[in-house]
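*Asks:* Please work out how this folds:
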Amino acid sequence: MDTEFSFRRIALPAYGPTIVATAGHGAILPVIALHARDLGATVGQAALVVALVSIGQLVMSLPAGALVGRIGERRALTLAGVVEAVIFVLAWQTRDLVAFAVLVLLTGMAWTVFLLARQGFLIDATPAAYRARAMSTLGGSHRIGLLVGPLLGAALIAAWGIAAVFALGAVTSLVAVAMVQSMPDLSAHARSERVSVASVLREHRRTLLTFGSAVLVISASRALRLALLPLWCDHIGMSAASISLLFGIAAAVDVSLFYPAGWVMDHYGRALVAFPVVASVALGSLLLPLTTGFASVLAVAVLIAVGNGLGSGIVMTTGADCAPTVGRAQFLGGWRLMGDVGGTAAPVALGVLAAALPLGTACVVLGLVFAGGTAWVTKWTRELDRARLAGEGAVGR
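*Replies:* Next up, the predicted model:
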């Protein structure tokens with residue numbers, strides 16, 4: 001099979017909707033707290049509203065797997081996009097804080113369905129030999145959307161105010177739905193296999209508790225970097241403009257590495273890219289208390305971005321490696337739940353430590369914790385590589 005031909009053939013249906021839909025999300029996510037404040041929220045309430053996105057993703061992980069398994073990937077993507085468009089229109093128009101908070105929660109839930117269905121389509125559309133490149137490119141398309149979205153959002157806010165970004169989100173969701181219609185429904189054959197989420201998770205519980213625990217640690221490390229870096233920048237007195245510039249540079253480094261990450265995974269295994277994701281956060285956390293200004297913080301941020309970029313697609317790739325043929329969508333819902341638990345736990349742990357210890361000490365504690373996490377992730381991703389080389393294919397099969 002010709003790699004270039006393969007990726008050209010699936011590029012539009014596989015990656016186009018993700019870039020477009022994520023651009024809408026990228027425009028909206030940075031202003032959720034600001035819009036909540038405009039609707040009368042306190043600082044604490046605004047932070048809670050922002051957290052509702054992650055909470056929505058967490059609670060929808062397992063139901064999303066059941067839904068995709070029941071109706072298929074194309075229908076799930078269409079449904080998620082239409083629902084999101086309605087949510088964003090309502091968020092654009094509402095002036096009630098509670099209603100807005102509910103809509104933010106629903107956004108996280110709909111987005112989980114979209115991401116899970118998109119991953120399932122790529123598993124069907126891509127041969128195993130090119131799986132990591134396909135998944136890392138999907139991760140890259142997500143990152144591209146998150147880069148483009150805030151730029152579009154900034155232009156809209158300057159012209160029409162914060163609420164206008166929700167109108168943009170509605171438009172991008174509908175455009176993504178239109179693009180999804182060009183994809184074949186490759187999961188149609190799988191919908192005849194009706195299995196419950198509980199039975200799939202019970203059957204593959206060992207896989208989820210071993211290989212899945214590595215995904216929990218990887219997701220926790222990624223969430224930590226997003227929470228820790230802004231807090232430290234504020235702690236040392238950096239301006240908002242400087243923080244934005246720092247994150248922009250780091251994001252550009254991150255995006256540039258998504259395809260090399262997939263190539264390395266396909267040719268040399270998953271462990272080689274899983275290691276730097278967590279190791280870079282561990283090292284960065286240990287180095288952060290030594291930084292005192294923009295240049296030194298930027299160096300740490302770039303270090304972490306390199307590690308994160310090299311791990312582009314690692315969670316989706318390992319999920320695809322482990323997923324069984326029967327009950328795949330339900331299994332991937334459980335796999336996503338493991339990642340969501342890690343992504344939710346890390347900021348909470350940071351908050352608890354920062355409340356009890358000086359921030360610099362909290363950085364060191366977390367650095368040591370993730371140093372141990374690096375060893376754990378390396379152990380299980382090496383086991384996964386050994387299983388793949390032994391010809392077992394999907395470990396959970």
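*Asks:* My understanding was that Ser54 contacts Gly108; is that so?
*Replies:* Yes - taking contacts as CB atoms under 8 Å, Ser54 lies within contact range of Gly108: 6.4 Å. The C-beta positions use only the backbone N, C-alpha and C, and glycine is treated the same way.
*Asks:* Please identify the buried residues of the helix or strand where Phe100 lies?
*Replies:* Using DSSP states H and E, Phe100 falls within helix 97-125. Residues 97, 100-123, 125 are the ones in helix 97-125 that count as buried (16 or more other CB atoms under 10 Å).
*Asks:* for the very next helix or strand once past that helix, packing partners?
*Replies:* Proceeding N to C from helix 97-125, the next assigned helix or strand is helix 131-160, under DSSP H and E. For helix 131-160, the packing partners by 3 or more CB pairs under 8 Å, 6 or more residues apart in numbering; DSSP states H and E come out as helix 3-28, helix 97-125, helix 164-180, helix 240-255, helix 258-268, helix 314-322.
*Asks:* Include distance to Arg206 when you put those helices into TSV, please.
*Replies:* Formatted as TSV, the helices and strands packed on helix 131-160 follow (distance: least, CB to CB, whole Å):
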stretch	distance to Arg206
helix 3-28	31
helix 97-125	21
helix 164-180	35
helix 240-255	33
helix 258-268	23
helix 314-322	11
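*Asks:* Quick one: closest of these to Ser219.
*Replies:* Nearest of the helices and strands packed on helix 131-160 to Ser219, taken as CB to CB: helix 314-322 at 6.6 Å.
*Asks:* after that closest one, next one along is what?
*Replies:* Using DSSP H and E, the next helix or strand after helix 314-322 towards the C-terminus is helix 328-356.
*Asks:* Report the mean per-residue pLDDT for that following helix.
*Replies:* Throughout helix 328-356, pLDDT has a mean value of 87.
*Asks:* Compute the inter-axis angle for that helix and helix 97-125.
*Replies:* 130 degrees (axes from the mean of the first three to the mean of the last three CA atoms, to 10 degrees).
*Asks:* Just the buried residues of helix 328-356, please?
*Replies:* Those would be 328-344, 346-347, 349-350, 353-354, for helix 328-356 by 16+ other CB under 10 Å.
*Asks:* ditto for stretch 148-163
*Replies:* Quick answer for stretch 148-163 (16+ other CB under 10 Å): 148-150, 152-153, 156-157, 162-163.
*Asks:* Please identify which pair of these lies farthest apart.
*Replies:* Farthest pair in the buried residues of stretch 148-163 (CB to CB) is Val148 and Ala163. Separation: 20.0 Å.
*Asks:* picking up where we left off before, how distant is the helix holding Phe100 from the center of its chain?
*Replies:* Between the centre of helix 97-125 and the centre of its chain there are 11 Å (CA atoms, centre = their mean, to the nearest Å).
*Asks:* Val165 against Ala158, yeah?
*Replies:* No - Val165 lies out of contact with Ala158 (CB under 8 Å); the separation is 11.2 Å.
*Asks:* Ala305 in helix, strand or coil?
*Replies:* Three-state assignment for Ala305 (DSSP: H, G, I helix; E, B strand; the rest coil): helix.
*Asks:* before we move on, back to that, want to throw the buried residues of stretch 148-163 into CSV with distance to Val255?
*Replies:* What follows is the buried residues of stretch 148-163, written out as CSV (distance: CB to CB, whole Å):
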residue, distance to Val255
Val148, 10
Gly149, 13
Pro150, 13
Leu152, 16
Gly153, 18
Leu156, 22
Ile157, 23
Ile162, 26
Ala163, 29
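*Asks:* now those residues as JSON lines including distance to Val82 and pLDDT?
*Replies:* Formatted as JSON lines, these follow (distance: CB to CB, whole Å; pLDDT from 0 to 100):
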{"residue": "Val148", "distance to Val82": "22", "pLDDT": "86"}
{"residue": "Gly149", "distance to Val82": "20", "pLDDT": "85"}
{"residue": "Pro150", "distance to Val82": "24", "pLDDT": "83"}
{"residue": "Leu152", "distance to Val82": "21", "pLDDT": "87"}
{"residue": "Gly153", "distance to Val82": "22", "pLDDT": "85"}
{"residue": "Leu156", "distance to Val82": "22", "pLDDT": "86"}
{"residue": "Ile157", "distance to Val82": "25", "pLDDT": "85"}
{"residue": "Ile162", "distance to Val82": "24", "pLDDT": "84"}
{"residue": "Ala163", "distance to Val82": "21", "pLDDT": "85"}
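*Asks:* No further questions, thank you.
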